[in-house]
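Asker: please find the sequence and the predicted model below.
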Amino acid sequence: MLITIVQSLPKYADTASNLDFIHRTIDTVEADLLVFPELATSGYFFTEKSHILPHALTWNESIELKDIQEKATKSDTVIVIGFPEKEGDLLYNSAGIFMPDATKSRVYRKTHLFYKEHLIFEQGNTGFFCVHDVKHDCKIGIMICYDWRFPEAARTLALQGADIIVCPSNLVTTLSGKVFPARAIENRVYVAVANRAGEESLDGETLLFRGESAIYDYLGERIGMASFGNEEIIHAEINPQETRNKAFNSVNDIFKDRKPEMYYD
Ligand code: ACM
């Protein structure tokens, strides 16, 4: 199964141009699972609802999302894209998982909001979930960027049977690069991080998005890595079913060995 990560440089508040890039990319890259960054349609650094609202899209309604769905179906590819979502008066930092079978497509709303996202977005209410790519027998779990700081997010997805966790991101630190391989190892799942590159400034504050998107195998080895700061596409082949044996020797199995009764908040 071919995983393709698009490390893009979204243009701030230019949805038309970002969608144009997204469509050209979908039309030209090879992928079975194609992952774009968080808020790839709009850019990131908004602090006022009225500024991001014109760029927000409605799941199951916006023509922009229907066009992406059509491409996922036609190209027989699972496509993951972060976008600002509106539902009534509420905004979410969301990612669509567009399945070739449109009836299986779902939207994930970011659970853990980062920094000034609190000013514009609601906390996500979808919870963590997986979708099943039947063609490759691959369960795909999703989280968005800052969700990485909470090991419970990846664990929840792994306990639901995720073979790969995809993480559309707009990362601003290097710390996550130390943590993603740990999430892969402790859950024995693949992890694919699609981070954006470039920077955005607002009211004298600049956010630098590093790029350095990466794909890790279920032993935490990096099997794909993009550069710092550039638009780039990376690929890796994965064998999803290999993640399902959670034993790492003849005695220990990381799921069977869990002691939930000993864990507490
Ligand atoms: C982030 O959650 N965009 C850092």
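Answerer: On my side now, so go ahead.

Asker: can you list the residues of this structure near the ligand?
Answerer: Residues of the chain found near the ligand, taking Cβ under 6 Å from any ligand atom as the criterion, are 38, 114, 145, 146, 170, 171, 172. For every residue, glycine as well, the C-beta is placed using N, CA and C.

Asker: against residue 16, how distant is the residue nearest to the fourth one when sequence neighbours are not counted?
Answerer: Okay, so that is residue 146. Spatially, and ignoring its direct neighbours in sequence, residue 146 is nearest to residue 114 (3.9 Å; Cβ to Cβ, 6 or more residues apart in numbering). Distance, residue 114 to residue 16, by Cβ to Cβ, to the nearest Å: 26 Å.

Asker: what's the answer for residue 22, then?
Answerer: Distance from residue 22 to residue 16, counting by Cβ to Cβ: 11 Å.

Asker: just residue 38 next, same as before
Answerer: Applying Cβ to Cβ, one obtains 19 Å for the distance of residue 38 from residue 16.

Asker: what's the answer for residue 214, then?
Answerer: Remark: distance between residue 214 and residue 16 (Cβ to Cβ) = 30 Å.

Asker: the more surrounded of the two?
Answerer: More neighbours surround residue 214 than the other of residue 214 and residue 16, with 24 against 10 (other Cβ atoms under 10 Å).

Asker: tell me the buried residues in stretch 78-90?
Answerer: Using 16 or more other Cβ atoms under 10 Å as the test for burial, stretch 78-90 gives 78, 79, 80, 81, 82, 83, 84, 85, 86, 87.

Asker: and that stretch, what's its mean pLDDT?
Answerer: The predicted model assigns stretch 78-90 a mean pLDDT of 98.

Asker: how far does that stretch sit from its chain's centre?
Answerer: For stretch 78-90, the distance from its own C-alpha centre to the chain's C-alpha centre is 12 Å (Cα atoms, centre = their mean, to the nearest Å).

Asker: stretch 98-115 now?
Answerer: For stretch 98-115, the distance from its own C-alpha centre to the chain's C-alpha centre is 9 Å (Cα atoms, centre = their mean).

Asker: and for stretch 8-26?
Answerer: Using Cα atoms, centre = their mean, the offset of stretch 8-26 from its chain centre is 17 Å.

Asker: check stretch 165-173 too.
Answerer: Taking Cα atoms, centre = their mean, one finds the center of stretch 165-173 at 7 Å from the center of the full chain.

Asker: again, but for stretch 18-37
Answerer: Mean-position distance between stretch 18-37 and its chain equals 14 Å (Cα atoms, centre = their mean).

Asker: quick check: buried residues in that stretch?
Answerer: 18-19, 21-22, 25-26, 29, 31-37.

Asker: can you give me the helices for the stretch 51-200 of the chain?
Answerer: Along the stretch 51-200 of the chain, the segments classed as helices by DSSP state H, counting those that start in this stretch run 63-75, 151-159, 176-187.

Asker: how close does the closest residue to residue 193 other than its chain neighbours sit to residue 205?
Answerer: The shortest distance from residue 193 to any residue that is not its chain neighbour, by Cβ to Cβ, 6+ apart, is 4.7 Å, and that residue is residue 167. For residue 167, the distance to residue 205 equals 24 Å [Cβ to Cβ].
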